[in-house]
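[1] Just the structure for this:
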Amino acid sequence: MSGDAEKLRDIIGLDSELNKLQDLDVLLERILQEARRVLKADAGSIYISDGKNLTINYAQNDTLQSQLPPGEKLIYNVFTIPINKKTISGYAAATGKPVNISDVYQISESAPYGFNPHYDRVSGYKSTSMLAIPLATNHGDILGVIQVINKQGDDGSVIPFDDEDEIVVTHFAANATVALQRAQMTRAILLRMIKMAELRDPKETGPHVNRVAGYAVEIYERWAIDNGVGQDEIERIKDNLRMAAMLHDVGKVAISDVILKKPAQFTNEEYEIMKSHTLQGAQLFVNKQSEFDELAQLVALNHHENWDGTGYPGHIDIETGSPIQTDSSGRALGKQGTEIPLFGRIVAIADVYDALMSKRVYKSAWPEEHALTEMRRLAGTKFDPELVEVFFKVLPNIKTIANKYKDPEEEPAPAESIAKS
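    Alright, predicted model coming up:
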């Protein structure tokens, strides 16, 4: 079998793998990874279209990645470019046609597009061969662009992408687009569920839940690598965890907006009512049909448990809400330490950090240095201390996610006490 035939067989085999992924961000990362692998590309980026602009969602670079310590991930800048014929990716999106360039530093002056060497200079990396492929639906709508860089020859040298590469990656892009449409639909459904919660609680916004979910995946992935978890399991968990983390506070749909929108500290009675959102959220997933349902229930129920046992709702029966283990006053004992499921411990860190860094009706956003000091202070009491260390290891990645999913008009202000939440 020829090399090109093997590539096509590989691509066809990937179709089912891509269709297993449900989360949009996890899928985008995987699409770029697999496109680079099949084409033997050293680097690449994937962009998503909003109709007028392309926004980078992931960037990968094996050469730069190899220079990092084990477990660290490449940091990239989040930026947007217009869909027009002036840039390589913009041209691919504007025309719906692939752009194949053997050397981006030797683009003809007659070409409508050019190459900006700024990121090469900043990173110390030299882009040479480049292939940009639009992600187009059957109706011709452009969902995004895959851009792969520096094809690797058998001797490790950089060589141009050829016509067969275009054929292979175009087939891959067509199938990836179908998976992408499905993932976008899944994301839209999740965001509609979150919108219902937002009607009650103004802080449950799309950007907030996307940040919390993104942070949670970064923390889990680094923890899993450090603890020897296999790559296949990591990828499967990432897909389900990201969606589950988005729904961590979905139970707030059952809480009165008189309480949730109160711009002040809760009374003790109000606080007890508000705390029931963990149980209400978990009960939505009682009839579990998938691993996603399992993780969503674990996250909803446990993301307010504290490492030292002072959190809520504690040891309760999910279906009835009745205490299983009680203290001397008959209240449910809080879970502590590793009694708290891993994913609850992870989302707790992600949720509190985002709350500290975000403006709320009852507080201003904290300056970053104050928020990080608070996260350190809470290690061993509110948070799993091991996971706090992991959080700081992946902090650069977390900042990238925060930049990708910004709230409008965020303004840091002096630190204030955290309202009960």
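[2] Tell me which other helices or strands the longest helix along the chain touches.
    The single longest helix within the chain, with elements called by DSSP state H, is helix 163-200. Applying 3 or more CB pairs under 8 Å, 6 or more residues apart in numbering; DSSP states H and E, one finds that helix 163-200 contacts helix 3-20, helix 24-39, strand 130-136, strand 142-152, helix 206-226, helix 231-246, helix 257-260. Glycine gets a C-beta too; all of them are placed from N, C-alpha and C.
[3] Not counting sequence-adjacent ones, nearest residue to N302?
    Distance criterion CB to CB, 6 or more residues apart in numbering; nearest residue to N302, sequence neighbours excluded, is G344 at 2.7 Å.
[4] contacting residues for that neighbour?
    G344 is in contact with 298-299, 301-303, 305, counting by CB atoms under 8 Å, 6 or more residues apart in numbering.
[5] Over to it. Which of the three states is it?
    Reduced to three states with DSSP: H, G, I helix; E, B strand; the rest coil, the structure at G344 is helix.
[6] Distance of it relative to L64?
    35 Å (CB to CB, to the nearest Å).
[7] Equivalent analysis for I48, please.
    I48 is 22 Å from L64, by CB to CB.
[8] quick one: contacts for V148?
    Contacts of V148 by CB under 8 Å, 6+ apart are 35-36, 39, 41, 43-44, 130-131, 133, 161, 169.
[9] filter those residues to the buried ones?
    Buried residues within the contacts of V148, counting neighbours by 16 or more other CB atoms under 10 Å: 35-36, 39, 41, 43-44, 130-131, 133, 161, 169.
[10] Could you list the low-pLDDT ranges of the stretch 51-200 of the chain?
    198-200 (pLDDT under 70).
[11] okay, now the residue nearest to F79 when sequence neighbours are not counted: neighbour count?
    Once flanking residues are discounted, F79 sits nearest to I56: 5.8 Å by CB to CB, 6+ apart. Look at I56: counted by other CB atoms under 10 Å, it has 20 neighbours.
[12] before we move on, what about F292?
    F292 has 20 nearby residues by other CB under 10 Å.
[13] Doesn't it belong to a strand?
    No: using three-state DSSP, the secondary structure at F292 is helix, not a strand.
[14] which residues of the stretch 301-421 of the chain fall in strands?
    With DSSP state E, counting those that start in this stretch, there are no strands along the stretch 301-421 of the chain.
[15] Quickly list the domain ranges of the chain.
    3-182, 201-404 (automatic domain parsing).
[16] Out of the ones you listed, the one nearest L191 is which?
    Closest to L191 of the domains of the chain, according to CB to CB: domain 201-404, at 5.3 Å.
[17] starting at the chain centroid, how far to the closest one?
    In terms of CA atoms, centre = their mean, to the nearest Å, the centre of domain 201-404 is found 16 Å from the chain centre.
[18] pLDDT averaged over that domain - what is it?
    Averaged across domain 201-404, pLDDT comes to 92.
[19] and what of stretch 16-36?
    90.
[20] buried sites along stretch 163-176?
    In stretch 163-176, counting by 16+ other CB under 10 Å, buried: 165-166, 168-169, 172-176.
[21] could you list every residue that touches E294?
    285, 288 are the contacts of E294 under CB under 8 Å, 6+ apart.
[22] R121 sits in which helix or strand?
    helix 118-123 (DSSP states H and E).
[23] Enumerate the positions of that helix that are buried.
    Residues of helix 118-123 classed as buried by neighbour count (16+ other CB under 10 Å): S123.
[24] Need the contact partners of that helix.
    Contacts for helix 118-123 (CB under 8 Å, 6+ apart): 61, 64, 77, 125-127.
[25] still on that earlier bit, neighbour count winner among I48 and L64?
    I48 (20 against 17).
[26] I'd assumed N57 was in contact with the more buried one.
    Yes: counting by CB atoms under 8 Å, N57 is a contact partner of I48 at 5.3 Å.
[27] gap between the residue lying closest to L131 once chain neighbours are set aside and E34?
    Leaving aside its sequence neighbours, L131 sits nearest to F161 (CB to CB, 6+ apart; 4.2 Å). Distance of F161 to E34, given as CB to CB: 16 Å.
[28] again, but for W223
    24 Å.
[29] Compare neighbour counts for these two and give me the winner.
    Between W223 and E34, counted using other CB under 10 Å, the more crowded position is W223 (23 against 18).
[30] contacting residues around the more buried one?
    342, 346, 386-387, 390.
[31] Using JSON lines, please lay out those together with neighbour count.
    Output for these, formatted as JSON lines (neighbours: other CB atoms under 10 Å):
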{"residue": "L342", "neighbour count": "17"}
{"residue": "I346", "neighbour count": "28"}
{"residue": "E386", "neighbour count": "16"}
{"residue": "L387", "neighbour count": "20"}
{"residue": "V390", "neighbour count": "24"}
